[in-house]
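**Q** sequence first, predicted model second:
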Amino acid sequence: MSAVSALPFFKPLHASVSPSRQRRHTLPASEFRSLNTEDAISVFEIEREAFISVSGECPLHLDEVRHFLTLCPELSLGWFVEGRLVSFIIGSLWDQERLTTEALTLHKPQGTTVHIHVLAVHRTFRQQGRGSILMWRYLQYLRCLPYVRRAVLMCEDFLVPFYQKSGFKVQGPSEITVGPLTFTEMQYAVRGHAFMRRNSGC
C-alpha cells in the first residue's frame, strides 16, 4: 500500500474561486520528500518545540539544519500533509564505528554510516504513530543507497524502546553528553538487506 494518498479527480475550478482555495485542492493529501534549505525554518520550529520543552536542548540549531540540508539533503526526509511539514528526519554520513562529538556537526561524504541527528513530529500530529511510519520509510529509503552500511543514532534512555521497535539495537552508552544529558547509542544494519535492495526496484 502506498503511503502517498492519491488525490481525487477535480473538475476545473471556476475563475472566481480564490487562489488560496485552489491551492488546497492541488496539494497532495500526504507526501514524503527530501528536505531543502527552504524547509529549514519549518524544521527548526518543530524541533525547537519538541525538544526544548522536554530536555531544554535542540539536537540541531537553525544554522546546523541549513548546513546539513545544503551538504546532504538526500539524507533527509520530510512528511508533508497538504503542503505542511508535520514530521521529519535529518541525517548525514559518518565514517567511524561509534559517534564522537564531531559527528554532531560534520558530514563525511566518504562514510558508509548514516548518522540520524533528529526525528521530530509537530505537536498536533503526535500520538498518531507518525514517527514510527516516517522512520520505516526512511530506513526503506536507505536500503536503496548502495553506499550505506548502517544507520546510527543516540537518544535518551526513555526513547530506547521506540527505536528498538524500528529495528535498532543498543550499542551501549554514548561518549557524547550535552550538559547533564546522557545518551544511548543505537544502530540499525542496512547492508544486511542486500536481497531486499535487489528486489525493491531501487
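**A** Arrived safely, thanks for sending.

**Q** chain center to stretch 130-150, what's the gap?
**A** Counting by C-alpha atoms, centre = their mean, to the nearest Å, stretch 130-150 is centred 9 Å from the centre of its parent chain.

**Q** how about residues contacting that stretch?
**A** For stretch 130-150, the external contacting residues (C-beta atoms under 8 Å, 6 or more residues apart in numbering) are 3, 32, 77, 79, 86-89, 91, 112-114, 116, 119, 121, 151, 162-163, 165-167, 187-191, 193, 196-197, 200, 202. The way it works is simple: take the backbone N, C-alpha and C, and place the C-beta from them, glycine included.

**Q** residues of it that come out buried?
**A** Of the residues in stretch 130-150, those with enough neighbours to count as buried (16 or more other C-beta atoms under 10 Å) are 130-131, 134-135, 138-139, 141-143, 145, 148-150.

**Q** now, these that are in strands?
**A** Restricting the buried residues of stretch 130-150 to those inside strands, with DSSP state E as the criterion, leaves residue 150.

**Q** now render the buried residues of stretch 130-150 as TSV, adding pLDDT and distance to residue 39.
**A** Compiled in TSV, those are given as follows (pLDDT from 0 to 100; distance: C-beta to C-beta, whole Å):
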residue	pLDDT	distance to residue 39
130	94	17
131	94	18
134	97	14
135	98	18
138	98	16
139	98	21
141	97	17
142	97	20
143	96	24
145	96	21
148	97	22
149	97	27
150	98	26
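
**Q** can you flag the buried ones in the contacts of stretch 130-150?
**A** Among the contacts of stretch 130-150, those classed as buried by 16+ other C-beta under 10 Å are 32, 77, 79, 86-89, 91, 112-114, 116, 119, 121, 151, 163, 166, 187-188, 190, 197.
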